[in-house]
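*Asks:* no sequence on hand, only this structure:
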(Lines give C-alpha, C1' and ligand atoms only; values in the text may rest on other atoms or scores of the structure.)
Protein backbone atom coordinates (compact mmCIF):
# COMPACT_ATOMS: atom_id res chain seq x y z
CA UNK A 1 0.00 0.00 0.00
CA UNK A 2 1.10 3.56 -0.61
CA UNK A 3 2.53 5.83 2.08
CA UNK A 4 -0.46 8.20 1.86
CA UNK A 5 -3.45 6.79 3.75
CA UNK A 6 -5.86 9.72 3.92
CA UNK A 7 -6.35 12.62 6.29
CA UNK A 8 -5.09 12.89 9.84
CA UNK A 9 -7.22 10.92 12.27
CA UNK A 10 -8.09 8.26 9.71
CA UNK A 11 -5.97 5.51 11.26
CA UNK A 12 -3.00 5.70 8.89
CA UNK A 13 -1.60 2.48 7.44
CA UNK A 14 -3.03 0.35 10.26
CA UNK A 15 -6.49 1.86 9.65
CA UNK A 16 -6.16 1.18 5.92
CA UNK A 17 -5.25 -2.47 6.58
CA UNK A 18 -8.15 -2.83 9.01
CA UNK A 19 -10.55 -1.21 6.52
CA UNK A 20 -9.29 -3.49 3.73
CA UNK A 21 -9.86 -6.60 5.86
CA UNK A 22 -13.36 -5.50 6.91
CA UNK A 23 -14.35 -4.65 3.33
CA UNK A 24 -12.91 -7.95 2.07
CA UNK A 25 -14.89 -10.02 4.57
CA UNK A 26 -18.12 -8.08 3.94
CA UNK A 27 -17.83 -8.14 0.15
CA UNK A 28 -16.84 -11.80 -0.01
CA UNK A 29 -19.75 -12.70 2.29
CA UNK A 30 -22.12 -10.64 0.15
CA UNK A 31 -20.90 -12.40 -2.99
CA UNK A 32 -21.47 -15.83 -1.44
CA UNK A 33 -24.91 -14.78 -0.18
CA UNK A 34 -25.95 -13.43 -3.58
CA UNK A 35 -24.55 -16.46 -5.39
CA UNK A 36 -26.42 -18.67 -2.89
CA UNK A 37 -23.79 -21.39 -3.07
CA UNK A 38 -20.93 -22.59 -0.93
CA UNK A 39 -19.14 -24.60 -3.58
CA UNK A 40 -15.36 -24.25 -3.48
CA UNK A 41 -15.10 -22.37 -6.79
CA UNK A 42 -17.73 -19.85 -5.62
CA UNK A 43 -15.92 -19.28 -2.31
CA UNK A 44 -12.58 -18.81 -4.12
CA UNK A 45 -14.19 -16.40 -6.59
CA UNK A 46 -15.81 -14.55 -3.67
CA UNK A 47 -12.39 -14.15 -2.04
CA UNK A 48 -10.94 -12.75 -5.28
CA UNK A 49 -13.87 -10.41 -5.97
CA UNK A 50 -13.86 -9.30 -2.33
CA UNK A 51 -10.14 -8.50 -2.59
CA UNK A 52 -10.72 -6.35 -5.69
CA UNK A 53 -13.60 -4.53 -4.01
CA UNK A 54 -11.68 -4.05 -0.76
CA UNK A 55 -8.71 -2.66 -2.65
CA UNK A 56 -10.95 -0.20 -4.49
CA UNK A 57 -12.57 0.85 -1.20
CA UNK A 58 -9.18 1.51 0.43
CA UNK A 59 -8.01 3.51 -2.59
CA UNK A 60 -11.14 5.68 -2.37
CA UNK A 61 -10.71 5.88 1.44
CA UNK A 62 -7.20 7.28 0.98
CA UNK A 63 -8.55 10.10 -1.20
CA UNK A 64 -10.74 11.53 1.57
CA UNK A 65 -10.03 15.11 2.46
CA UNK A 66 -11.80 15.02 5.80
CA UNK A 67 -13.08 12.32 8.12
CA UNK A 68 -16.72 12.69 9.06
CA UNK A 69 -17.49 12.73 12.78
CA UNK A 70 -21.31 12.62 12.95
CA UNK A 71 -23.24 12.62 16.19
CA UNK A 72 -26.16 10.24 16.69
CA UNK A 73 -28.71 13.06 17.04
CA UNK A 74 -27.65 14.49 13.66
CA UNK A 75 -28.24 11.11 12.00
CA UNK A 76 -31.67 10.84 13.67
CA UNK A 77 -32.53 14.36 12.49
CA UNK A 78 -31.52 13.49 8.92
CA UNK A 79 -33.61 10.33 8.96
CA UNK A 80 -36.59 12.22 10.40
CA UNK A 81 -37.28 13.49 6.88
CA UNK A 82 -38.43 9.97 6.03
CA UNK A 83 -41.52 10.67 8.15
CA UNK A 84 -42.60 13.20 5.52
CA UNK A 85 -42.84 10.57 2.77
CA UNK A 86 -46.57 9.77 3.05
CA UNK A 87 -47.62 13.44 3.09
CA UNK A 88 -45.15 14.34 0.35
CA UNK A 89 -46.45 11.58 -1.94
CA UNK A 90 -50.00 12.89 -1.56
CA UNK A 91 -48.84 16.46 -2.22
CA UNK A 92 -46.79 15.38 -5.24
CA UNK A 93 -49.73 13.42 -6.66
CA UNK A 94 -51.73 16.66 -6.56
CA UNK A 95 -48.80 18.48 -8.15
CA UNK A 96 -49.09 16.25 -11.22
CA UNK A 97 -52.39 17.99 -11.94
CA UNK A 98 -51.59 21.54 -10.76
CA UNK A 99 -48.01 21.73 -12.13
CA UNK A 100 -46.60 24.14 -9.51
CA UNK A 101 -43.36 26.04 -10.18
CA UNK A 102 -41.78 25.18 -6.88
CA UNK A 103 -39.57 27.47 -4.88
CA UNK A 104 -36.13 27.75 -3.36
CA UNK A 105 -36.21 27.75 0.44
CA UNK A 106 -33.25 29.12 2.40
CA UNK A 107 -32.59 27.99 5.96
CA UNK A 108 -29.93 29.21 8.36
CA UNK A 109 -27.05 26.73 8.42
CA UNK A 110 -23.93 27.27 10.48
CA UNK A 111 -21.90 24.14 9.71
CA UNK A 112 -19.71 25.69 7.02
CA UNK A 113 -16.25 24.97 8.46
CA UNK A 114 -13.71 22.42 7.28
CA UNK A 115 -13.59 20.46 10.54
CA UNK A 116 -14.90 16.86 10.74
CA UNK A 117 -18.06 17.85 12.65
CA UNK A 118 -19.05 20.52 10.12
CA UNK A 119 -18.37 18.15 7.23
CA UNK A 120 -20.58 15.51 8.87
CA UNK A 121 -23.38 18.03 9.47
CA UNK A 122 -23.22 19.16 5.83
CA UNK A 123 -23.31 15.58 4.52
CA UNK A 124 -26.25 14.68 6.75
CA UNK A 125 -28.12 17.91 5.96
CA UNK A 126 -27.78 17.27 2.24
CA UNK A 127 -28.78 13.61 2.55
CA UNK A 128 -31.63 14.29 4.97
CA UNK A 129 -32.89 17.25 2.99
CA UNK A 130 -33.01 15.16 -0.15
CA UNK A 131 -34.54 11.94 1.25
CA UNK A 132 -38.09 13.30 1.29
CA UNK A 133 -39.68 13.29 -2.18
CA UNK A 134 -40.79 16.94 -2.11
CA UNK A 135 -37.41 18.55 -1.58
CA UNK A 136 -33.84 18.42 -2.78
CA UNK A 137 -30.88 20.32 -1.40
CA UNK A 138 -29.37 22.43 -4.16
CA UNK A 139 -26.49 23.91 -2.23
CA UNK A 140 -24.96 25.45 0.85
CA UNK A 141 -23.80 29.05 0.73
CA UNK A 142 -20.98 29.17 3.28
CA UNK A 143 -20.55 32.95 2.94
CA UNK A 144 -24.15 33.67 3.93
CA UNK A 145 -24.53 30.61 6.19
CA UNK A 146 -27.63 29.23 4.46
CA UNK A 147 -28.74 25.87 3.11
CA UNK A 148 -30.81 26.15 -0.07
CA UNK A 149 -33.29 23.49 -1.08
CA UNK A 150 -35.88 23.26 -3.82
CA UNK A 151 -39.39 22.47 -2.67
CA UNK A 152 -41.90 21.58 -5.40
CA UNK A 153 -45.05 21.83 -3.30
CA UNK A 154 -45.05 24.48 -0.58
CA UNK A 155 -45.00 22.78 2.78
CA UNK A 156 -46.94 24.27 5.70
CA UNK A 157 -44.56 25.36 8.42
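*Replies:* Cool, the structure landed. Remember, predicted model here, so these are calculated numbers, not experimental data.

*Asks:* how does this protein divide into domains?
*Replies:* As recorded under automatic domain parsing, the domains making up the chain are 12-62, 72-151.

*Asks:* now that residue 50 has come up, it's in contact with residue 20, right?
*Replies:* No: using C-beta atoms under 8 Å, residue 50 is not in contact with residue 20, being 10.0 Å away. From N, CA and C alone the C-beta is placed, and that goes for glycine too.

*Asks:* still on that earlier bit, using TSV, lay out the domains of the chain together with mean pLDDT and mean neighbour count.
*Replies:* Below are the domains of the chain laid out as TSV (pLDDT from 0 to 100; neighbours: other C-beta atoms under 10 Å):
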stretch	mean pLDDT	mean neighbour count
domain 12-62	94	15
domain 72-151	88	15
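
*Asks:* show me where the protein has strands.
*Replies:* For the chain, the strands defined by DSSP state E occupy 103-108, 135-141, 146-151.

*Asks:* now the ones you listed as TSV including distance to residue 16?
*Replies:* Output for the strands of the chain, formatted as TSV (distance: least, C-beta to C-beta, whole Å):
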stretch	distance to residue 16
strand 103-108	37
strand 135-141	30
strand 146-151	33
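
*Asks:* so which of those gets nearest residue 56?
*Replies:* Closest approach to residue 56 among these is made by strand 135-141 (27.6 Å; C-beta to C-beta).

*Asks:* packing partners for the closest one?
*Replies:* Counting contacts by 3 or more C-beta pairs under 8 Å, 6 or more residues apart in numbering; DSSP states H and E, strand 135-141 packs against helix 116-131, strand 146-151.

*Asks:* got a list of contacts for that strand?
*Replies:* 81, 104-105, 109, 112, 122, 125-126, 129-130, 146-152, 155 (C-beta atoms under 8 Å, 6 or more residues apart in numbering).
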